[in-house]
Each structure stands twice: as structure tokens, then as C-alpha cells.
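> Sequence first, then the predicted structure, then my questions.
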Amino acid sequence: MFKRVLIANRGEVANRIISTCLDLGIETVAIYSDEDRALNYLNRADYAYRVGKGGASTSYKNVDAIMAIAKMAQVDCIHPGYGFLSEDAEFARTCKAHRIEFIGSDEELLKNLSNKLHVRAVAKKNGIKVVSSSEGTISDVKTGMEAAKKIGFPVVIKPACGTHAKGVRRIDDEAGFEKAFSATQIEAQITFNDDTIVVEKALAGAKNIEVPVLRDKKGKVLCLPELDCSIQRRYLKIFAETPAPTLDDRQRRYIKDSASKLAELLDLHGLASFEFLVKDGEIYFLEVNPRLTVEHTVTEMVTRLDLVKQQFLIAAGEPLELQDKELKCSGVAIQCRIYAENPETFEPQIGVVNDMFLPMGPNVRHELIAHSGWKIPIHYDHMLAKMSVWGNDRKSVINKITHLLKDYFYSGITTSISLQRQIFSTPEVIEGTYDIDFMRGNFVFKRPELPESVKTAITTATAIKVYKTEEEKRGEVTLISTPISSWRKEIGTGRL
């Protein structure tokens, strides 16, 4: 087993990796940008090093700085978490060149998986249905339009090498295609240094199902329970549950068999998540995410497996601890993500967290980055926390989350908590019939009405503030910070 790991990430995922390392006896080296120097994961790590300034390119994606710290700290492995460098083939190659184990897929696999069309071609060749898409990557809007017409609107355009829903856009007709295509190209070039595009069919009303798969270096595969991740905003998942509530046994078996088969065909080592779309009983393979996912918490809750531990074991050459038939799953788990963003427009928000309250209870798991006094940086993802809840059945889990969200709050900033409260009150979520168009369809966010008592308090406080401000301007009242004795009276100052 490894002795010391550098965690090439930040916030809640760095905290999560540290927890597993404490159990395994692996020393941890954390890195931080200037804006993250106050985050609590740094206090839990054995060592902490400044990696650079605020932007990702000068901090958590600064390969030269990360490798310099890795050599100085004498680590024998690097865990990239998710996001940033977790799917970067060149970074995996650099780690190997420095004889440092990359906890994730190897360079060759990451290169192959970065090309969405290549992976779909492998699936299609082996009898697995895939989502209809352009035959190759596209670099100009004219070719893109031709592909879209051939596939048929609505279509989705996305960067050929993209991850985490960056640059993904749905186009319903020809009128909006050119503008959206150009915007995606620009975003792809800036984010991935590659402006080639894939055009694919948008399957309206489909379910987005993903299956985590573990495969060790001896070829043994463990397929984990599927997740329903259909509730998304701007193609980024904000809700996940396992097991998927509307799959039948045939669909569930087909998806797991397809994921296991692809893991072997692609020669996967480690952990990956295989995504599928399910519509009208038909199942289509979509893509592979060769890394730890944000949704791993719900998988861990129903399987009692530590997925980060499994990643370390596989990277160290150890065999999987369990066979498929030995995996025991129980209950239902649901995760909701809390973001610092406008719940109506999804625009990121910045500010300082004045106070916060995390509702607790049996089988409730929080993974968070925010803390009181923390100033939200503009450079990174604006997720504040993930709340995951386990229960014996789906109804009890939804009831519990509904009550927990009523108590959950952050003060001083705008969050998506009110959005999650409304999501969990909809018939589609209660019945499990939601799909990928849930946020685009009948769901409309309603700005919460403040209770009358709160409105009165706000009005009174505003009136007092205005009065004191006007009095100060006239010089009749001087506000002071210490109380004055009732026995003391000063004449001529207007102060008692």
C-alpha cells in the first residue's frame, strides 16, 4: 500500500479522500490556492502546500507546481478526485514519468475515453445501442448544421473532449443552431484547448442512468448499483438516487451487463461510471466518466463500500475484495447538491458565509466545503455541499430529506436550498417519474414567500436604520458602541 499521497484537488472531495487515507494509514499532502487557505481540509491533512493563485490554471491545474510539490513532499501517489486533472491523460503520463502512481485510469485509457465517438464506436461494434450522433468530430458550423439536419432536431452539441457538462447545449431548431455552435466552440477552446464538436440526438423525456464499475488489474469486474441522475440544470446533475425507481429487472440487468462488457473491452483499471439514456423501454449508451464521481456517496450508502479505498487498492495492484454475487445492497439513498447560485437563473453567486446550519440525523451524510466566515471565490465550481440520506424505502428517504431541507440554511449568501425544497415537493420526484427534461418542462421555480413576522421585522429594522442615519446627518444623535448608565446625563449632545 502507498505511504503518502498528494491530493490534487480542494474542498469537499479533498476532505473525502483524507478520511479514507486516515483509515488506511496513508499520509496526506494537501494543496491550496491563495483563496482557499482557510478551508478546513487543510487542517486535517498531514502536510499542506500553497500551489498558486486563484484561477484553476494557476493552481489546481498547474501541473508544474503540483509535480514540484509532489517531489518535495516525497509522495508515492497522487489522487486527483473529480474535476480539474482527474481525466487529463497528459497529467497521468507526467505522474508515470516521475514514478508517481496516478490514482485513476492510465494515460492510454484516458486518451481513448476523451474521444466520445471512439468509445461509442467500440460499444456499437459490440452490439450495444448508442445515441445517434455525428459520424466524426466537427470543427465548422456548416458541417455541424448538416449533421444536425441528418440526425433531426432537437439535438445536443458538446465539446468532443468535454467533461462535467461544460459547453453542452440543446438546440430545438435550426434558428438557434449557429449561435449555440459558436458559443460551444469558444468555450471548448478555452476550457479544453480543443474546439472540435460532437452533435448528437436529444432524447426528450429520457432517463439518465449511470452505473459505477470497479475493475482490478487482473481483470475482475464489480458492477455497482445504478443511479438515476436525470434531474439536471444546464446538463449538470443536482440530484441522484439509487436504485433507479422506474427501471425493471430486464433493463437493470441489460445496463449492468453492458457496463461490465465495456469495462473489459476498454481495458478499464480502477473506477469509472458508464452513462446510459433510457427512453420508451430502449436503452442507449452515452459515455464513460473514468474517475470518482460526485454521486459516489449514495453508492457507498447502499453498498457499504468505500469507493476511494477501492481506488487505492486497485492502483496498488490489489484484487477486488468482492465478487458481483457477494455484493450486498440494502435500502435507498438520495443525494442533493447545494450551490451558491440564484435558484431561478442558476447564475453563480459570491459573498461571505455569515452563518450556516446543517440538519443532522441518523443515516444523514454531509460533504461540504463552506464554513462560517468563508468568502466564496469566483474561480471555481460554486457547490457548497452535498447532502445524502439513506433509508429502508424511497418514501421514507424523501420524507426525511424534505424535513431536513426545511432546517438547512446559509446566511449572507444566496443558495439553491429553496430550489431543492421545491424539487422534493413535486409529484414527479415523489413518484420517481422525473426525466432529463424535468427542469425544462412543467417545473417552475416559485420565489418563496416570507412569513408575515419576518416581513414585519425587516420593515421595522429598515425604518430604524433610516431614522438613525437621518439623525446622524443632522448631528443630533451620536451612535456609540458602549451602553450609557441610566444615572448619567450629558447636556448638549442629545445623548442620554
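In hand now; what should we look at? Numbers count the residues shown, from 1 in each chain.
> Only C-alpha atoms from now on, for both contacts and neighbour counts.
Fine.
> Show the contacting residues for residue 196.
Residue 196 makes contact with 137-139, 159-161, 185, 188, according to Cα atoms under 8 Å, 6 or more residues apart in numbering.
> Among those residues, which ones are in strands?
If you go by DSSP state E, the contacts of residue 196 have residue 159 in strands.
> Now a ChimeraX select for only the buried ones of the contacts of residue 196.
A single ChimeraX command selects the buried members of these (16 or more other Cα atoms under 10 Å):
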select :137,138,139,159,160,161,185,188
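> quick one: least confident of the contacts of residue 196?
Minimum pLDDT across these is recorded for residue 161, with 78.
> Run through the residues that contact that residue.
Contact analysis of residue 161 by Cα under 8 Å, 6+ apart lists 114-116, 192, 194, 196.
> what's the answer for residue 8, then?
Here residue 8 is in contact with 14, 30-31, 60, 66, 78-81, 85 (Cα under 8 Å, 6+ apart).
> From the residues you listed, keep the buried residues only.
Taking 16+ other Cα under 10 Å as the criterion, what is buried in the contacts of residue 8 is 14, 30-31, 60, 66, 78-81, 85.
> Just give me the closest of these to residue 49.
residue 31 (4.9 Å; Cα to Cα).
> sec struct for that closest one, please.
Following DSSP: H, G, I helix; E, B strand; the rest coil, residue 31 is assigned to strand.
> any idea of the pLDDT on the residue nearest to the spatial centre of the chain?
With distances taken as Cα atoms, centre = their mean, the residue of the chain nearest its centroid is residue 294 (4.5 Å). On the pLDDT scale, residue 294 is placed at 96.
> check contacts around it.
Applying Cα under 8 Å, 6+ apart, the residues near residue 294 are residue 82.
> same deal with residue 225?
The contact partners of residue 225, by Cα under 8 Å, 6+ apart, come to 211-212, 242-243, 299, 329.
> In helices, which of these appear?
Judged by DSSP state H, those include residue 299 as members of helices.
> closest to residue 270 among the contacts of residue 225?
Nearest to residue 270 among these: residue 212, at 10.5 Å, using Cα to Cα.
> could you say which helix or strand contains the residue lying closest to the closest one once chain neighbours are set aside?
Leaving aside its chain neighbours, residue 212 sits nearest to residue 273 (4.2 Å; criterion: Cα to Cα, 6 or more residues apart in numbering). According to DSSP states H and E, residue 273 maps onto strand 270-279.
> From the chain's centroid, how far away is that strand?
Relative to its chain's centre, strand 270-279 lies at 15 Å (Cα atoms, centre = their mean, to the nearest Å).
> which other helices and strands contact that strand?
strand 207-215, strand 282-289, helix 307-315 (3 or more Cα pairs under 8 Å, 6 or more residues apart in numbering; DSSP states H and E).
> so which of those comes closest to residue 52?
Evaluated with Cα to Cα, the helices and strands packed on strand 270-279 place helix 307-315 nearest to residue 52, the distance being 26.3 Å.
> For that closest one, output the C-alpha coordinates as PDB.
Taking Å, rounded to 0.1, in the frame of the first residue of the first chain, the C-alpha atoms of helix 307-315 are listed here in PDB:
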ATOM      1  CA  LEU A 307     -15.000   3.600  -3.300                       C
ATOM      2  CA  VAL A 308     -12.000   5.800  -2.600                       C
ATOM      3  CA  LYS A 309     -10.400   2.800  -0.700                       C
ATOM      4  CA  GLN A 310     -11.100   0.600  -3.700                       C
ATOM      5  CA  GLN A 311      -9.400   3.100  -6.000                       C
ATOM      6  CA  PHE A 312      -6.200   2.900  -3.800                       C
ATOM      7  CA  LEU A 313      -6.300  -0.900  -3.600                       C
ATOM      8  CA  ILE A 314      -6.700  -1.300  -7.400                       C
ATOM      9  CA  ALA A 315      -3.900   1.200  -8.100                       C
END
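> Kindly report the domain assignment for the chain.
The record's domain parsing of the chain by automatic domain parsing lists 4-103, 132-201, 207-431, 454-496.
> quick check, distance from the third one to the centre of its chain.
In this view, domain 207-431 has its centroid 8 Å away from the chain centroid, taken as Cα atoms, centre = their mean.
> Can you give me the first-to-last residue distance of that domain?
14 Å (Cα to Cα, to the nearest Å).
> show me where the stretch 351-496 of the chain has strands.
Here the stretch 351-496 of the chain has its strands, by DSSP state E, counting those that start in this stretch, at 355-357, 364-368, 383-391, 409-411.
> Just put those in JSON lines and tack on mean pLDDT.
Converted to JSON lines, those look like this (pLDDT from 0 to 100):
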{"stretch": "strand 355-357", "mean pLDDT": "94"}
{"stretch": "strand 364-368", "mean pLDDT": "96"}
{"stretch": "strand 383-391", "mean pLDDT": "97"}
{"stretch": "strand 409-411", "mean pLDDT": "94"}
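> Tell me which of those strands sits nearest to residue 93.
Among the strands of the stretch 351-496 of the chain, strand 383-391 sits nearest to residue 93 (Cα to Cα), with 29.5 Å.
> picking that back up, list just the nearest of the contacts of residue 225 to residue 143.
residue 211 (33.3 Å).
> who's in contact with the nearest residue to that closest one once chain neighbours are set aside?
Leaving aside its chain neighbours, residue 211 sits nearest to residue 226 (4.5 Å; criterion: Cα to Cα, 6+ apart). Going by Cα under 8 Å, 6+ apart, residue 226 touches 209-212, 242-244, 252, 256.
> could you redo the last one with a cut-off of 6 Å?
Under the criterion of Cα atoms under 6 Å, 6 or more residues apart in numbering, the neighbours of residue 226 are 210-211, 243.
> out of those, which are buried?
Buried, going by 16+ other Cα under 10 Å: 210-211, 243, out of those.
> Among these, which one sits closest to residue 395?
When the buried ones among the contacts of residue 226 are ranked by distance to residue 395 (Cα to Cα), residue 243 comes first, at 12.9 Å.
> so where's this protein shaky on pLDDT?
164, 449-458, 461, 465, 471-496 (pLDDT under 70).
> let's see it at 80
Residue ranges of the chain with pLDDT under 80: 161-165, 191, 323-325, 442, 447-496.
> and residue 332, backbone torsions?
phi -130, psi 140 (degrees, to the nearest 10).
> Now for residue 46, how many residues are close by?
Residues near residue 46, counting by other Cα atoms under 10 Å, number 14.
> Report the beta-bridge partner residues of the closest residue to it other than its chain neighbours.
Nearest-residue entry for residue 46: residue 28, 5.3 Å, with adjacent residues in sequence omitted and distances by Cα to Cα, 6+ apart. Following DSSP bridges, residue 28 is listed with bridge partners residue 5.
> these two touch, right, residue 28 and residue 45?
Yes - contact between residue 28 and residue 45 holds when scored by Cα atoms under 6 Å: they sit 5.3 Å apart.
> Good, wrapping up.
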